[in-house]
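Student: Provided below are the primary sequence and the corresponding predicted coordinates.
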Amino acid sequence: MKRKPVVICCSVLLALIVVLAIVFVALYFTVFRPRSPHVVATVVSTRVSHFNVTPDFPIVLPRLNMSMDVDVTVKNPNYAAFRYGDVVTELTYHGLPVGQSVVLAGEVGARTTQTVGATVVVQADKVVFSPDFIGDVLPKLLDLPDIMLPFQTRTTVAGKAVVLGTFKIRASSAVTCSVSTYPVKQETTADCTSTVNIG
């Protein structure tokens, strides 16, 4: 007779554990399911303070002073803050590294979107002394506004979100942009692709 209350108590406890487990699993795969952050990088402007490819005595070498502003937008769809490390933007010219910027680590709140801006100063000496520079400039010397310099930016973001203090969602994203820059007109067009890795 004394075992019956114990059996009932154990059955209720077991049923409660099963119900809680089902609720927990349901919440995990619906509300708290880990989702990757969405990262978009945009080249918003190019500033050219000096560009000269014609002889300017006593200086006869080409001169270029240029910087690019890149906006990196991170959308966090999770119900937990996404903490990311330093956001690194690298700039290359025909595969040659010619600039880099680093935005310090930060946090994107739960289910919010945040944009961080980065300015990449172009290492002009590496551009003008590149063997590809003459090939880009020479055919357009008679039509300077049409001179186009091709760059590529690569922005990487990596971080994690901790859901319910238990589940860690690690994610990294890389955004690569092919950038066509017209230094005389100070115009820029960009075509970007993004890849995301979870885990």
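Tutor: Yep, that arrived.
Student: The helix or strand where G99 lies pairs with which strands?
Tutor: Here G99 sits within strand 96-103, counting by DSSP states H and E. Applying DSSP bridges, strand 96-103 is found paired with strand 87-93 (antiparallel).
Student: Buried ones in the strand holding G99, by neighbour count?
Tutor: Residues 98-101, 103 are the ones in strand 96-103 that count as buried (16 or more other C-beta atoms under 10 Å). Just so you know, the C-beta spots here come from the backbone N, C-alpha and C atoms, and that holds for glycine as well.
Student: quick one: which of those residues is nearest V44?
Tutor: V44 has its nearest neighbour among the buried residues of strand 96-103 in S101, at 13.3 Å by C-beta to C-beta.
Student: dump the residue contacts of the closest one.
Tutor: Contact analysis of S101 by C-beta atoms under 8 Å, 6 or more residues apart in numbering lists 70, 88-89, 118-121.
Student: if we can go back for a sec, lowest-confidence entry in the buried residues of strand 96-103?
Tutor: Minimum pLDDT across the buried residues of strand 96-103 is recorded for V103, with 88.
Student: what bridges to that residue?
Tutor: Beta-bridge partners, per DSSP bridges, of V103: V87.
Student: Likewise for A171?
Tutor: Per DSSP bridges, the residues bridged to A171 are G159, I198.
Student: confidence score at it?
Tutor: Turning to A171, the model gives it a pLDDT of 80.
Student: can you list the residues that contact stretch 177-187?
Tutor: 41, 43, 46-48, 51, 64, 66, 68, 144-155, 188-193.
Student: before we move on, what about stretch 135-154?
Tutor: Contacts for stretch 135-154 (C-beta under 8 Å, 6+ apart): 41, 43, 53-54, 62, 68, 70, 89-95, 98, 120, 122, 127, 133, 174-185, 190.
Student: now swap in stretch 112-120 and tell me
Tutor: Residues contacting stretch 112-120 (C-beta under 8 Å, 6+ apart): 44, 67-76, 87, 89, 91, 99-103, 106, 108, 153, 155.
Student: mind listing the helices for the protein?
Tutor: 3-29, 124-128, 131-137 (DSSP state H).
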